[in-house]
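Peer 1: Build me a model from this:
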Amino acid sequence: MTYKESVIRGRIHSEHIVQLFDSPESLADSVAEMLTSAYAKGDGLLVVARQRNWNAITIRLRERGMDVQRLRRSGRLAVLDAAETLNAISRRDVPAADLFDRVIGARVCRLAADRPLAIYGEMVELLAEEGDFASALALEDMWNGLSEKCSFHLLCGYSAAHFAAPGQERALRRVCAAHSRVEATSADPLAAWLIRLTRAPLKLVQGRG
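Peer 2: This is a model prediction of the structure:
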């Protein structure tokens, strides 16, 4: 499925954004900024990340004055381990739509029913790291299907390095096409350069710290 615009279906309004990162530091900065902004607007927050990335994001959130533990206790913030969640939605190491709906879809729609929901996810990053772009794209399509059932703002994060090798331009072009918007920050010049090679529309935002 190609998403050129955000999904609007009656009362459903979703955005599915992809951002490439040159470093774990820029990832942590950008995700923390996104979550902080969403929190300030009153949104619920869901993070599906590697533990080491979540640790770095947590530090940035606390620097911005957010009480992460209190938010988790209150249910305003939910955090899932990316590897464990990917395993839970996979059958024979491949993401399965029925398991995705059961593990992710039900949770997302339940959280989105209470208030606007902002999500950061990097299960696709784990698949890209293994060179399994077919499964990553299948998972992106599952998110797109879910975006037509309930409203959310989703940011998917990938390492730019996965697309730097010769021959990966087509995979990146397909990843970009599966999203409503493609972003990179000025702190990630490799990411911006790779995206421009695909000719995908790119929103370049200021590097955040």
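Peer 1: Report how many residues lie close to residue 82.
Peer 2: Using other CB atoms under 10 Å, residue 82 is surrounded by 21 other residues. (Glycine included, C-beta is placed from N, CA and C.)
Peer 1: Next up, the contacts around it.
Peer 2: 48, 49, 50, 121, 122, 123, 125, 126 (CB atoms under 8 Å, 6 or more residues apart in numbering).
Peer 1: can you tell me which of those are in strands?
Peer 2: Counting by DSSP state E, the contacts of residue 82 place 48, 49, 121 in strands.
Peer 1: Most neighbours among the contacts of residue 82, which one is it?
Peer 2: Of these, with other CB under 10 Å as the count, residue 123 tops at 29 neighbours.
Peer 1: and it, what does it touch?
Peer 2: Taking CB under 8 Å, 6+ apart, one finds 48, 82, 85, 86, 89, 95, 139 in contact with residue 123.
Peer 1: 10 Å - rerun?
Peer 2: Counting by CB atoms under 10 Å, 6 or more residues apart in numbering, residue 123 touches 48-50, 80-87, 89-90, 95, 100, 104, 135-136, 139-140, 143, 156.
Peer 1: Can you pull up the most central residue in this structure?
Peer 2: Computing the C-alpha centroid of the chain and ranking residues by CA atoms, centre = their mean puts residue 156 first, at 2.0 Å.
Peer 1: Which of the helices or strands spans it?
Peer 2: Here residue 156 is covered by strand 153-159, with elements defined by DSSP states H and E.
Peer 1: Does that strand pack against any helices or strands, and if so which?
Peer 2: The contact analysis (3 or more CB pairs under 10 Å, 6 or more residues apart in numbering; DSSP states H and E) places strand 153-159 against strand 12-21, helix 24-40, strand 44-49, strand 117-121, helix 123-129, helix 133-146, helix 169-177, helix 189-198.
Peer 1: Do me a favour and average the pLDDT over that strand.
Peer 2: Over the span of strand 153-159, the pLDDT mean works out to 97.
Peer 1: and it, C-alpha only, in PDB?
Peer 2: Provided in PDB are the C-alpha atoms of strand 153-159 (Å, rounded to 0.1, in the frame of the first residue of the first chain):
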ATOM      1  CA  HIS A 153       0.300   9.100  15.000                       C
ATOM      2  CA  LEU A 154       3.000   6.600  14.300                       C
ATOM      3  CA  LEU A 155       6.700   7.200  13.900                       C
ATOM      4  CA  CYS A 156       8.800   4.300  12.500                       C
ATOM      5  CA  GLY A 157      12.500   4.500  13.000                       C
ATOM      6  CA  TYR A 158      15.200   2.900  10.900                       C
ATOM      7  CA  SER A 159      19.000   3.200  10.900                       C
END
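Peer 1: Many thanks, I have nothing further to ask.
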